[in-house]
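J.: Give me coordinates for this.
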Amino acid sequence: MNHIQTPIIPITQQFAKRKDVTHDIHKEALCVYVALGFFLGEDAFYKDERVLQSGRQYTLDAQKQVVSEQSYFKWYHTPRSISFKSALDEYTDLFEDIVKKQSLYQPVILPLSGGLDSRTQAVALDYLKVDVTSYSYSFKGGYKEHALGKAIADTCGFKFDAFEIPEGYLWKNMEELAQINHCYSDFTHPRQMAILNELKQMQGAFSLGHWGDVLFDSGIKTTEEDLSVVDIVYKKIVKPGGLVLASMLWEQWGLHGGFEAYLKARLQELLDDINIENKSAKVRVFKSMYWAPRWTSVNLSVFQEAHPVNLPYYDDQMCRFICELPEAYLANRQLQIEYIKQRHPEVAKITWQAQKPYNLYNFHKNKSPWNLPCRVTHKLKRSLSELMGRKCIQRNWELQFLGKTNDETLKHYVFDEAFLEFVGGDTVQHIYNKFNGAEAVKYAHPLSMLLTLSVWRQGEM
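T.: Okay, the predicted model is just below:
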């Protein structure tokens, strides 16, 4: 017998086999996959496979079938009556204790961005005097994100490397990526694949800030307060173009009922199992139970290919801490912002990319009329670049799908004859045409999912 206890937020997927179920492709699950970009719950590519869920203890037999399972942790929402200062002090102690524990006796590799999560790590690692090698990357022809990463690294005294992600980087790494993530995530998001060899040359373990932005923010917007929780979740996780592709595949494969009704029923079932009344907390928990393990964690596999990974915000203690904080303190990233300002004011003065050109002291001015001069300047720069024929790259897929060479390689995969028989030639042609029309942003996701499924099918045949 094999005994397994899964973390509250698992870093890796673990699989079991279903008893007396045939090894057929789980087409309903595939439709959900292309609509969301990740599988839901226990779903996998095949019906006889199941993914072990978070916060549970399993016993598996020699055939990897589940003999017994029980939950040892269920998310809850029991906010304590504490002051914001007390919450900040507790967050500071807990976060730094986790970072210290995870970085003990080894150098740390820290990816830096212009956001808050990696910045909190930089502040903690600097305070704890850990040996840090940091790096950042920017898209070729895109916003120079590495400039903010370098500013943070310089302020903290970290070693720093800047990388540029080139056009079409994916094609030469396609087969390797498929072996790493087993096609459980689309291929255009893990841009670290472009520098995997360079990452392997670094020394230490990764400290990654994933999921801090979910745990330390409100789960809903003020405009969503009157919506049902299932409608809020549906709105947050369904990709509009993915919905089109999923509905087309559902019809192509002759599945029972309608896709949207099936998906909403699945979501309602999963939400009903979360015994939390507060909408914001319930949405945050849903994301942590299903989005984090099935999308975010899948993409961590690329980092794991180079070095071990540690994630302070995935820590079980951090998850329990979140369950007992008032929603008012979690909203708008307040604790992270105040932590950085309190522990390292100079780092807080560096531009916050999401609020550029503002920083953690003045980002509240990023609204009319204070930000009008910045908006005008940005628009003029963008217009000038467009007049000079320079397009600013903002998204991963723009490096992969735009341009003649990219297009030819992409068509080699998605218009493969065997793949067209599986998903339907009209389906592929429709998504491809829509992407190359006026709706590239909407249809980049389903096109990326078609690419991923094509590579998966080639590996299975």
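J.: For L410, give its distance to P240.
T.: Separation of L410 from P240 (C-beta to C-beta, to the nearest Å): 21 Å. All C-beta spots, glycine's among them, are computed from the backbone N, C-alpha and C.
J.: L196 now?
T.: Counting by C-beta to C-beta - L196 and P240 are separated by 31 Å.
J.: Poorly predicted segments of the chain, please.
T.: Counting by pLDDT under 70, the ranges of the chain that qualify are 141-143, 370-393, 461.
J.: Which residues does the strand or helix carrying Y262 contact?
T.: According to DSSP states H and E, Y262 maps onto helix 259-272. Helix 259-272 is contacted by residues 28, 31-32, 35, 40-41, 229-230, 233-234, 238, 243, 246-247, 250, 255, 282, 286, 289-290 when judged by C-beta atoms under 8 Å, 6 or more residues apart in numbering.
J.: buried set for stretch 164-175?
T.: 165, 167-170, 173 (16 or more other C-beta atoms under 10 Å).
J.: now do the same end-to-end measure for that stretch.
T.: Stretch 164-175 has an end-to-end distance of 22 Å (criterion: C-alpha to C-alpha, to the nearest Å).
J.: Can you pull up the most central residue in this protein?
T.: Compute the mean C-alpha point of the chain, and by C-alpha atoms, centre = their mean the closest residue is T296, 3.9 Å away.
J.: wait, that residue sits on H210?
T.: Yes - between T296 and H210 there is a contact under C-beta atoms under 8 Å: 5.4 Å.
J.: Just the C-alpha atoms of stretch 177-191, please, in CSV.
T.: The C-alpha trace of stretch 177-191 is given here as CSV (Å, rounded to 0.1, in the frame of the first residue of the first chain):
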residue,chain,number,x,y,z
LEU,A,177,8.0,21.2,-22.9
ALA,A,178,5.5,18.5,-23.7
GLN,A,179,7.6,16.0,-21.7
ILE,A,180,7.8,18.4,-18.8
ASN,A,181,4.2,19.5,-18.4
HIS,A,182,2.6,16.4,-20.1
CYS,A,183,0.4,18.9,-22.0
TYR,A,184,-1.6,19.7,-18.9
SER,A,185,-1.1,23.4,-19.7
ASP,A,186,-1.0,25.3,-22.9
PHE,A,187,2.4,26.0,-24.3
THR,A,188,2.5,29.8,-24.7
HIS,A,189,2.6,30.8,-21.1
PRO,A,190,5.8,29.3,-19.6
ARG,A,191,8.2,31.8,-21.2
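J.: Run the chain-centre distance for it.
T.: Distance of stretch 177-191 from the chain centroid (C-alpha atoms, centre = their mean, to the nearest Å) equals 12 Å.
J.: Now do the contacts for Y33.
T.: Applying C-beta under 8 Å, 6+ apart to Y33 gives the contacts 39, 43, 449.
J.: Can you check what angle separates the helix or strand in which it is found from helix 259-272?
T.: In this structure, Y33 sits in helix 27-36 according to DSSP H and E. Direction vectors for helix 27-36 and helix 259-272, defined by axes from the mean of the first three to the mean of the last three C-alpha atoms, to 10 degrees, enclose an angle of 90 degrees.
J.: any idea how far helix 27-36 is from the chain center?
T.: The answer for helix 27-36 is 17 Å, by C-alpha atoms, centre = their mean.
J.: Between L196 and P240, which has more neighbouring residues?
T.: For L196 and P240, the more surrounded residue by other C-beta atoms under 10 Å is L196, and the numbers stand at 17 against 13.
J.: was I right about the more buried one contacting N173?
T.: Yes - taking contacts as C-beta under 8 Å, L196 lies within contact range of N173: 7.3 Å.
J.: before we move on, the earlier item: mind checking which of the buried residues of stretch 164-175 land in strands?
T.: Within the buried residues of stretch 164-175, residues falling in strands by DSSP state E are I165.
J.: Report the separation between L104 and Y234.
T.: Using C-beta to C-beta, one obtains 42 Å as the distance from L104 to Y234.
J.: Contacts made by stretch 245-254 with the rest, please.
T.: The contact list for stretch 245-254 (C-beta under 8 Å, 6+ apart) reads 27, 30-32, 34-35, 258-260, 262-263, 423-424, 427, 430-431, 446, 449-450.
J.: how does it look with 10 Å?
T.: If you take C-beta atoms under 10 Å, 6 or more residues apart in numbering as the criterion, stretch 245-254 is touched by 25, 27-28, 30-36, 238-239, 255-260, 262-263, 422-424, 426-428, 430-431, 434, 443, 445-447, 449-450, 453.
J.: got it, and stretch 87-98?
T.: 79-80, 82-83, 120-121, 123-125, 127-128, 212, 216, 310-318, 320-322, 324-326, 328-330, 334-336, 338-339, 342-343.
J.: quick one: which of the residues you listed sit in helices?
T.: Using DSSP state H, the subset of the contacts of stretch 87-98 located in helices is 120-121, 123-125, 127, 212, 316-318, 320-322, 328-330, 334-336, 338-339, 342-343.
J.: Give me the buried entries from these.
T.: Here, 16+ other C-beta under 10 Å leaves 120-121, 123-125, 212, 318, 321-322, 329-330, 334-336, 338-339, 343 buried among these.
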